[in-house]
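J.: Compute the structure for the input listed below.
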Amino acid sequence: MTPPNRPQAEPRWSLVGPGLVVAATGVGAADLIATTVAGSKYGYALLWAVVAGCIMKIVLVEGAGRYSLATGNTIFEGWSTLGKWTSWYFGPYIVIWGFVYGAAAMAGTGLALTSLMPFLGVPAWGILSGLLGLALVWSGRYDLFERVLTAMVILMFIAMVLAAAATLPNLGEVLTGLAPMIPDGAMINVLSVAGGVGGTITLAAYGYWLREKGWDSPSFMSVMRIDNAVAYLVTGLFVVATLIVGAELLYSAGIAIGGGDQGMVDLSRVLGERYGPWLSKLFLIGFFAASFSSLIGVWNGVSLMFADFMGHVQGKPHAHPDRLAGGRYYRAYIVWLTIPPMAMLFLGQPVLLILAYGVLGALFMPFMSVTLLWILNTDRVPAEWRNKPLTNILLVICTLAFAALAVDQLRSSIMRLF
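T.: Predicted coordinates for the structure are as follows:
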């Protein structure tokens with residue numbers, strides 16, 4: 001919270017802000033594959049779902065940012081006003097999620113680097129990526145973190161846009177995909193594409209990155225909204241490019257690719273066979289950039305959330321060093337993301353832990369949209385910054401869409417157990 005005697009900084013805006021950080025962090029290999037597979041199955045029919053996903057994330061991130069700027073509180077402090085149940089959910093979630101995600105992030109980045117430089121295996125490259133991420137964010141310096149992530153965004157954007165341009169898309173057909181329609185059997189693909197544009201728990205980290213950037217008062221509200229909208233416009237163009245690749249390269253030829261991170265390697269192989277090894281290598285560099293940007297984004301942003309959670313639970317003041325970047329809880333969570341999950345790169349994934357991860361993770365987006373509806377329509381926020389009717393309608397739509405996706409994810413998680 002900004003101290004009363006501190007002069008208000010003049011609003012500033014630069015091309016890269018916390019919006020691009022949160023959007024880029026949320027776009028990983030799994031999201032790219034979900035979009036590519038949708039393109040390979042249905043052509044451009046689900047392009048509208050990409051646009052809808054961007055709009056939903058703009059609404060959610062704007063709500064989180066608006067709460068932080070309007071009140072000077074963190075999003076967890078807002079959740080805690082709703083009752084202890086938020087801590088009972090969020091505490092186990094962030095611990096289990098961090099362990100499983102840490103392994104997945106290192107494995108994905110390791111797979112990308114192994115495909116580019118096969119002289120080391122996936123576990124070795126994954127461990128090196130995790131340790132590099134730890135080193136980059138350990139100090140808590142936001143400016144360094146933002147510069148590294150910006151470089152990753154440039155790489156992934158160039159790689160994917162060039163891949164899409166190489167397929168020579170039919171622009172007329174692209175535009176037809178903007179008309180909302182759901183092909184037979186495509187509902188889950190629609191929800192996956194819309195829900196996967198730009199992140200899950202990292203959306204809630206936006207307010208923390210605003211604070212690290214120095215945007216910490218209502219005077220930055222307009223700047224925040226521009227930052228958020230521009231970020232998801234860039235992310236939307238990036239994800240549309242992946243849909244084009246799937247539609248033009250795979251749909252027309254009836255080519256299938258693997259799921260998860262392996263699908264990105266399969267796609268690079270198809271690109272290499274069709275357009276030459278240079279494009280395959282460039283695409284793999286983009287795959288690495290997407291994976292590593294998600295890794296370092298989580299290593300920084302979710303560690304900030306954990307530090308705030310731990311400090312709040314222990315009753316420490318809002319600005320206590322233990323609740324901030326570089327504090328002991330921040331660094332403890334970075335270690336938790338990096339070191340223990342390394343065992344999963346060699347031993348595989350324990351079924352019960354993966355089940356808990358799937359269940360808790362599936363509930364997070366409905367949790368976020370419902371709590372934002374609750375918080376932003378009450379006196380927890382000054383009247384001028386509460387939700388307008390259109391925002392409430394969009395948040396209700398977000399809640400329903402993410403609840404439907406959560407039901408499918410819960411079903412899939414339970415089926416994997418049996």
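J.: In the chain, spot the helix with the most residues.
T.: Longest helix of the chain, by residue count under DSSP state H: helix 277-313.
J.: Show the average pLDDT along the following helix or strand past that helix.
T.: Downstream of helix 277-313, the next assigned helix or strand under DSSP states H and E is helix 328-338. Averaged across helix 328-338, the pLDDT comes to 96.
J.: and the angle for helix 328-338 with helix 277-313?
T.: If you take axes from the mean of the first three to the mean of the last three CA atoms, to 10 degrees, helix 328-338 sits at 140 degrees to helix 277-313.
J.: Check which helices and strands the following helix or strand past helix 328-338 sits against.
T.: Per DSSP H and E, the first helix or strand lying C-terminal to helix 328-338 is helix 344-347. Other elements packing on helix 344-347 under the criterion 3 or more CB pairs under 8 Å, 6 or more residues apart in numbering; DSSP states H and E are helix 85-116, helix 122-137. Every C-beta, even on glycine, is put in place using the N, C-alpha and C of the backbone.
J.: Give me the angle between the longest helix of the chain and helix 85-116.
T.: Angle, helix 277-313 to helix 85-116, by the same axes, to 10 degrees: 160 degrees.
J.: residues in contact with residue 285?
T.: Going by CB atoms under 8 Å, 6 or more residues apart in numbering, residue 285 touches 116, 155, 159.
J.: Please disregard the earlier target; I meant residue 333.
T.: 98, 302, 303, 306, 307.
J.: Please verify my assumption that the last one contacts residue 329.
T.: Yes - with contacts counted by CB atoms under 8 Å, residue 307 reaches residue 329, the gap being 4.0 Å.
J.: List phi and psi for residue 121.
T.: With angles defined as degrees, to the nearest 10, residue 121 sits at phi -80, psi 180.
J.: Quick one, grab the pLDDT at the residue nearest to it when sequence neighbours are not counted.
T.: Excluding its sequence neighbours, the residue lying closest to residue 121 (CB to CB, 6 or more residues apart in numbering) is residue 114, at 6.2 Å. The model reports residue 114 with a pLDDT of 89.
J.: Contact partners for residue 114?
T.: By CB under 8 Å, 6+ apart, the residues touching residue 114 are 120, 121, 122, 125.
J.: Could I get the contacting residues of the last one?
T.: Meaning residue 125. 109, 110, 111, 113, 114, 117.
J.: cool, and the third one?
T.: Contact partners of residue 122, counting by CB under 8 Å, 6+ apart, are 107, 110, 111, 114, 345.
J.: any chance of the contacts of residue 333 in a markdown table, with distance to residue 240 too?
T.: Below are those laid out as a markdown table (distance: CB to CB, whole Å):
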| residue | distance to residue 240 |
| --- | --- |
| 98 | 31 |
| 302 | 27 |
| 303 | 31 |
| 306 | 33 |
| 307 | 36 |
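J.: Return the closest of those residues with respect to residue 163.
T.: When the contacts of residue 333 are compared for distance to residue 163 (CB to CB), residue 302 wins out at 29.6 Å.
J.: what number of residues lie near that closest one?
T.: Neighbours of residue 302 under the rule other CB atoms under 10 Å: 24.
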